[in-house]
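Undergrad: Here is a sequence with its predicted model. Questions after.
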Amino acid sequence: MAQLISRVRVWRGVVLLLAGAYFLLPMGASVYFSIDDPKGFTFEAYTGLLGAPGFTDSLTLTLELAAVTVVVLLLLLVPALIAVRLGAPRLRPVLEVVCTLPLVVPPVALTAGLIGVLRWGPDYLMDTPFFQTIVFIQDPKFPIVLVLAYVLMSLPLAYRALDAGLRAVDVRTLVEAARNCGASWPRAVITVVLPNLRGALLNASFLTLALVLGEFTAASILGYQPFAVWIYSVGNSQAQMSVAVSVLSLLITWVLLLLLAAAGRERRYKTAHS
């Protein structure tokens, strides 16, 4: 038995070593390229980021879009999933199909559809109040049309994360217990159900944030410049800075993932010792 456990540990170490090499070698090569210089190593690609034209604006826009996308997505999905689970279980397959449908629609096709709608608006809504809505959602300072696209793209990922969290919780029993104690429906959901979905909410938020940070196709075709598009434009003229930004973006994503994992472990630890 001890020999078997030793073999398992060895193979586990080999797998982890290979996985680490798979991720860290390209990362190391990228860092080396970003600091390599004929005269020696230099960190100008990193120190010059804050002063690079468009860096702050594109990053701020992306974070704002990510925050709004997360809020809109959770406000749409959480009530719908809880309502279906409590009141209409037969609609769960329908909701699952609707939420996973964006997986079969390529981002290029989705963006082309949005462009068609935006072009159709001025032709038929010029004399109506809806024309101003079409103009408003395309404001370059904060393009709401990108939020709509990101919500659709993130829908399958967020749905799976939230659905997995709800499957691990007996929502009906929790709500009925809260109702028997005199809580209203909104209070029962907010104070009883949502705290038990903390991990699922964090997972859905992180997946959405990661998608928005790296999304390029829709923003580029629609003519906006969030962070991913800015990285591409910088790469055409400053390759080292583009790689440096990509490395920092990846590190930020890893840090968020580690924080999420730490929050989940802390939650499970408190639950186990309560």
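TA: That came through fine.

Undergrad: now the stretch 51-200 of the chain, which segments are flagged as low pLDDT?
TA: 121, 123-125 (pLDDT under 70).

Undergrad: Pull the number of nearby residues for residue 218.
TA: Using other C-beta atoms under 10 Å, residue 218 has 23 neighbouring residues. C-beta here means a position set from N, CA and C on the backbone, and glycine is covered the same way.

Undergrad: Kindly report the same for residue 27.
TA: Using other C-beta under 10 Å, residue 27 is surrounded by 14 other residues.

Undergrad: ok, now residue 187?
TA: A total of 13 residues lie near residue 187 under the criterion other C-beta under 10 Å.

Undergrad: do the same with residue 71
TA: Residue 71 has 13 neighbouring residues, counting by other C-beta under 10 Å.

Undergrad: Return the distance of it relative to residue 205.
TA: 9 Å (C-beta to C-beta, to the nearest Å).

Undergrad: can you check residue 39 too?
TA: Taking C-beta to C-beta, one finds residue 39 at 44 Å from residue 205.

Undergrad: and those two? which has more neighbours close in?
TA: The neighbour comparison of residue 39 against residue 205 (other C-beta under 10 Å) goes to residue 205, with 22 against 5.

Undergrad: now that one, nearest residue through space, not along the chain?
TA: residue 70 (4.9 Å; C-beta to C-beta, 6 or more residues apart in numbering).

Undergrad: which stretches of the stretch 51-200 of the chain form helices?
TA: 55-87, 92-100, 107-124, 130-136, 144-167, 171-180, 185-188, 194-196, 198-214 (DSSP state H, counting those that start in this stretch).

Undergrad: Which strands and helices lie in contact with the following helix or strand past the last one?
TA: Using DSSP states H and E, the helix or strand that directly follows helix 198-214 along the chain is helix 217-222. Here helix 217-222 is seen to pack against helix 107-124, helix 144-167, helix 227-235 when contacts are counted using 3 or more C-beta pairs under 8 Å, 6 or more residues apart in numbering; DSSP states H and E.

Undergrad: what about those helices, which gets the closest to residue 255?
TA: Residue 255 lies closest, by C-beta to C-beta, to one member of the helices and strands packed on helix 217-222: helix 227-235, at 15.8 Å.

Undergrad: Identify whichever of the helices of the stretch 51-200 of the chain lies nearest to residue 238.
TA: helix 55-87 (11.1 Å).

Undergrad: Can you mark which positions in that closest one are buried?
TA: 55, 58-59, 61-62, 65-66, 68-70, 72-74, 77-78, 80-82, 84-85 (16 or more other C-beta atoms under 10 Å).

Undergrad: Please apply the same query to stretch 208-225.
TA: Using 16+ other C-beta under 10 Å as the test for burial, stretch 208-225 gives 208-213, 215, 217-222, 224-225.

Undergrad: tell me the two of those that are most distant?
TA: For these, the farthest-apart pair by C-beta to C-beta is 209 and 221; their separation is 21.6 Å.

Undergrad: returning to what we had before: gap between the residue nearest to residue 205 and residue 218?
TA: Distance, residue 70 to residue 218, by C-beta to C-beta: 17 Å.

Undergrad: hmm, back to that, please tabulate the helices and strands packed on helix 217-222 in JSON lines and include mean neighbour count as additional columns.
TA: Listed next are the helices and strands packed on helix 217-222 as JSON lines, based on neighbours: other C-beta atoms under 10 Å:
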{"stretch": "helix 107-124", "mean neighbour count": "13"}
{"stretch": "helix 144-167", "mean neighbour count": "20"}
{"stretch": "helix 227-235", "mean neighbour count": "20"}
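
Undergrad: would CSV of the ones you listed with distance to residue 22 be doable?
TA: Formatted as CSV, the helices and strands packed on helix 217-222 follow (distance: least, C-beta to C-beta, whole Å):
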stretch, distance to residue 22
helix 107-124, 26
helix 144-167, 23
helix 227-235, 23
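
Undergrad: Out of the ones you listed, which gets nearest to residue 99?
TA: Among the helices and strands packed on helix 217-222, helix 144-167 comes nearest to residue 99, with 3.8 Å by C-beta to C-beta.

Undergrad: Appreciated, that's everything.
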